[in-house]
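Enquirer: return a 3D structure for these sequence lines:
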Amino acid sequence: MNKIFLIFTIFIFFTNCSFNSKSKFWTKEKKIQNITKIKEISKTYIKKDLFVSEEALQKELNSKLKIKLESKLVNHNYINNKNNNGRINYLGSLKNISKYKFKKIKYFNQFEPEIIFHNNSLIFFNNIGSIVKFDEDSDLIWQKNYYTKQEKKLNPVLFFSKNNKVLIVADNISKYYALNIITGELLWTKYNNAPFISDVKIVDDKFFVVDSNNIIKCFSLKDGNKLWEYKTDSRIIKSSKKLSIAIQNNILVFNNSIGDINALDVNTGNLIWLTPTVKNQDMIQSFLLKSSDLVINNNSILFSNNSNAFYSIDLKAGIINWKQKINSVLRPTVINNLIFTISLEGFLIVLDSETGNILRMTDLFGKVAKKSEKANKLNPINFIENIFEKIPEDSRFYIPRKENKSSKKNFSPVGFIVGKTNIYLTTSHGKLFVIDILTGQIQSILKIDNEKISRPFISNKNMFLVKENSIIKLN
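Expert: Predicted coordinates for the structure are as follows:
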């Protein structure tokens with residue numbers, strides 16, 4: 001009996017991790033395939049009227065306009081309470097790739113879990129809720145699992161937040177708990193009456209998280225006891241995307257599943273203001289609504305949704321400063337007075353943060369689609385070889401072979417960061433677009449995987465991407 005148990009334990013251990021001779025958890029590094037390089041000469045051109053009408057999203061605007069950033073660089077894109085990543089000090093070579101593999105995380109695409117970084121170490125979880133911490137050399141520091149056998153079968157999705165001492169974990173099976181972030185030791189554990197569906201934020205001795213009933217709750221960091229809660233409108237059909245929280249100057253703002261933006265006092269939970277952003281929603285529309293993360297810049301809240309609206313809302317009063325017809329669920333980035341976002345149609349858009357005026361719109365996916373369309377006419381099956389020379393067969397863009405359609409319709413943007421000179425954009429078909437900030441033109445497209453990968457995370461000059469069954473490290 002003991003021998004059988006030992007064999008079973010070894011089998012489970014090996015099927016949940018992948019090893020190599022160096023780190024024993026990460027695969028050996030491989031060369032990243034550079035699918036293509038698209039170069040375009042741009043001349044500086046500024047249009048007099050920079051404000052666009054609602055129809056302007058169907059075409060480029062000021063695509064020749066050069067944008068030079070001179071802002072301060074930040075050394076990482078760790079989670080912060082304002083959700084603004086800023087301009088990250090990153091200019092990676094993107095030559096090698098390795099992976100930490102685990103079994104598929106259920107509901108990964110819905111909740112988009114994020115990596116946590118602590119003193120150059122990485123913290124994430126696997127399909128049964130085991131939390132792993134790796135150092136900067138990808139060596140395992142600790143691995144802990146505080147779920148019962150039944151809970152592991154539910155494949156919990158974990159949401160993290162941390163300070164220098166404590167790691168807070170909330171999950172989609174109604175459990176929340178705290179670990180010593182240095183050792184992984186369990187400090188306390190509690191249960192909620194509904195699953196959690198938002199990111200987690202810590203302020204001083206409190207933390208905040210929203211559950212599936214559209215109730216935001218404030219808990220004590222010390223023991224997990226509830227300090228206050230605030231109920232918003234709830235629907236039978238729950239949100240299909242993780243909700244967002246942002247905090248500044250003791251004002252907490254969060255969105256619920258029906259598109260309302262709520263502002264509360266951090267200490268008391270009292271409502272300061274409420275601003276609806278989507279009108280006349282039924283239950284199905286509520287389920288289909290997806291919004292970007294809320295980003296605070298100065299005294300404005302910035303976000304967008306898949307109902308074709310990008311908002312700037314006054315943080316103190318809840319008044320809408322401006323609204324643009326931009327269709328996006330990606331977290332925007334604010335650098336000085338410029339907002340960077342990417343629409344679901346594949347437009348890189350730069351806006352003035354004060355007025356909402358669109359300064360430049362560049363059709364990223366259209367350039368790829370046009371080249372693919374042209375190649376399809378020449379050879380529908382081996383189209384990519386007719387555009388670019390010496391491209392491996394396994395690095396083709398995905399285009400259905402039964403139909404002669406543009407590749408622009410077969411993938412969507414997932415997330416991006418703004419680096420030192422480039423924007424790095426991930427897609428739902430496993431590609432990494434490297435885009436020049438100055439011109440807005442694609443510099444290269446790298447094949448990372450065949451399936452959806454998360455937005456990029458940067459730590460210690462390495463880029464990390466997450467997918468449903470692995471963490472991907474690029475350097």
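Enquirer: poorly predicted segments of this structure, please.
Expert: By pLDDT under 70, the low-scoring segments of the chain are 1-24, 36-58, 77-79, 235-240, 280-287, 367, 369-409.
Enquirer: please enumerate the helices of it.
Expert: Remark: helices assigned in the chain by DSSP state H are 2-16, 108-111, 149-153, 283-288, 364-378.
Enquirer: and V334, bridged to which residues?
Expert: For V334, the beta-bridge partners under DSSP bridges are I339.
Enquirer: also S300?
Expert: For S300, the beta-bridge assignment (DSSP bridges) gives partners N297, D314.
Enquirer: if I look at it, how far off is L315?
Expert: Distance, S300 to L315, by CB to CB, to the nearest Å: 6 Å. Where C-beta positions appear, they are placed from N, C-alpha and C, glycine not excepted.
Enquirer: and if you look at Q110?
Expert: Between Q110 and L315 the computed distance is 28 Å (CB to CB).
Enquirer: got it, and I97?
Expert: I97 sits at a distance of 40 Å from L315 (criterion: CB to CB).
Enquirer: for T421, grab the count of nearby residues.
Expert: T421 has 15 neighbours, counted by other CB atoms under 10 Å.
Enquirer: tell me if I'm right that it and I437 touch.
Expert: Yes - between T421 and I437 there is a contact under CB atoms under 8 Å: 6.0 Å.
Enquirer: return the residues in contact with T341.
Expert: By CB atoms under 8 Å, 6 or more residues apart in numbering, T341 lies in contact with S292, S304, F310, I326, S328, L330, P332, T333, I349, L351.
Enquirer: got phi/psi on the fifth one?
Expert: When you say that, I think you mean S328. As for S328, its main-chain torsions (degrees, to the nearest 10) stand at phi -150, psi 150.
Enquirer: any idea how far it lies from I423?
Expert: 14 Å.
Enquirer: again, but for the third one
Expert: Applying CB to CB, the value for F310 to I423 is 18 Å.
Enquirer: same thing with the fourth one?
Expert: Between I326 and I423 the computed distance is 16 Å (CB to CB).
Enquirer: same check, this time on the second one
Expert: As judged by CB to CB, S304 and I423 stand 17 Å apart.
Enquirer: name the residue in those two with the higher neighbour count.
Expert: More crowded of S304 and I423, by other CB under 10 Å: S304, with 29 against 22.
Enquirer: the more buried one: what's it in contact with?
Expert: Counting by CB under 8 Å, 6+ apart, S304 touches S291, S292, F310, Y311, I326, N327, S328, V329, L330, P332, T341.
Enquirer: that one bridge partners, please.
Expert: Under DSSP bridges, the beta-bridge partners of S304 are F310.
Enquirer: so how far is S161 from it?
Expert: S304 is 24 Å from S161, where distance means CB to CB.
Enquirer: which of the contacts of T341 has the most neighbours?
Expert: Top of those by neighbour count (other CB under 10 Å): S304, with 29 neighbours.
Enquirer: so how far is N327 from that residue?
Expert: Relative to N327, S304 is positioned 8 Å away (CB to CB).
Enquirer: what do you get for L227?
Expert: Taken as CB to CB, the span from L227 to N327 is 38 Å.
Enquirer: cool, D363 as well?
Expert: The value you get for D363 to N327, if CB to CB is used, is 14 Å.
Enquirer: who has more neighbours, the two?
Expert: Taking other CB under 10 Å, D363 and N327 do not tie; D363 has more neighbours (21 against 16).
Enquirer: so what's the more buried one up against?
Expert: By CB under 8 Å, 6+ apart, the contact set of D363 is K59, E60, S63, G346, F347.
Enquirer: can you check Y230 too?
Expert: By CB under 8 Å, 6+ apart, the contact set of Y230 is I215, I216, N262, L264, G269, L271.
Enquirer: and those residues as JSON lines, adding neighbour count and distance to F196?
Expert: Formatted as JSON lines, these follow (neighbours: other CB atoms under 10 Å; distance: CB to CB, whole Å):
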{"residue": "I215", "neighbour count": "17", "distance to F196": "10"}
{"residue": "I216", "neighbour count": "22", "distance to F196": "10"}
{"residue": "N262", "neighbour count": "21", "distance to F196": "17"}
{"residue": "L264", "neighbour count": "23", "distance to F196": "17"}
{"residue": "G269", "neighbour count": "16", "distance to F196": "17"}
{"residue": "L271", "neighbour count": "12", "distance to F196": "21"}
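Enquirer: would you list these in a markdown table and tack on distance to L140?
Expert: Shown next, in a markdown table, are the contacts of Y230 (distance: CB to CB, whole Å):
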| residue | distance to L140 |
| --- | --- |
| I215 | 37 |
| I216 | 35 |
| N262 | 40 |
| L264 | 39 |
| G269 | 40 |
| L271 | 45 |
